[in-house]
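Student: please find the sequence and the predicted model below.
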Amino acid sequence: MKTSFTRSVVKRGFSLYDRLYHLIFRLRAVGSLLYVGCERYRGRARVFADQTGLRPGDSIGTLHVNNALIADLYQTDGPSQRVAFAFSRLILASLEDLAAEAQVDSWLRTIPVYQGINWFRPRGKRIGFQVEALAEGPRASILRLHFRLLLYAFAGGTNPGRPDP
């Protein structure tokens, strides 16, 4: 796959950004596709459908995908349904790995709730996630740009569309 100079610069920028982000937020690999971080919850107190409670100050896990692995999928399979199927298999396997590790890992065991940002809302509900729209504002705009640049850099599209985090 021929890569433009601009796309190469964006890819290198994301690789550096990912390394720094992982160091700063101390992300841990879980499975082949996920990284897990932990932060303090700053929202309002709430109770989820499974009766898990979350209060301000509680630990909340953050889920991040392995962008380099996704880029590799596009390099080997190209932007096609095969990539979507491979991604689905990897994310489900990584979530199963997370569930298994959370049973035995003392750090993961302290995290009652996990959150992640994506633009695949309907699919999250099908596998048991409580899915909520991200409130509009500067953060949503920055995340939209982030996802568009990821798609541009790694999926090879010239107009990746407007993902909806």
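Tutor: That came in fine, so what should we check first? Residues are numbered from 1 along each chain as shown.
Student: ok, Phe48 - contacts?
Tutor: For Phe48, the contacting residues are 54, 113, 130, by Cβ atoms under 8 Å, 6 or more residues apart in numbering. In short, each C-beta sits where N, CA and C put it, glycine included.
Student: how close does the first one sit to Arg42?
Tutor: Leu54 sits at a distance of 11 Å from Arg42 (criterion: Cβ to Cβ, to the nearest Å).
Student: which intervals of this structure have sub-threshold pLDDT?
Tutor: Counting by pLDDT under 70, the chain has low-confidence residues at 1-3, 74-81, 119-124, 127-128, 154-165.
Student: remind me, longest helix of the protein?
Tutor: If each helix of the chain is counted by residues according to DSSP state H, the longest one is helix 81-104.
Student: what about the strands in the chain?
Tutor: In chain order, the chain shows strands spanning 28-30, 34-40, 46-47, 53-54, 59-65, 114-115, with DSSP state E as the criterion.
Student: neighbours of Pro113, how many?
Tutor: No, residue 113 isn't Pro; it's Val. For Val113, the tally of surrounding residues (other Cβ atoms under 10 Å) stands at 16.
Student: should've said Phe14
Tutor: The burial count assigned to Phe14 is 19, neighbours taken as other Cβ under 10 Å.
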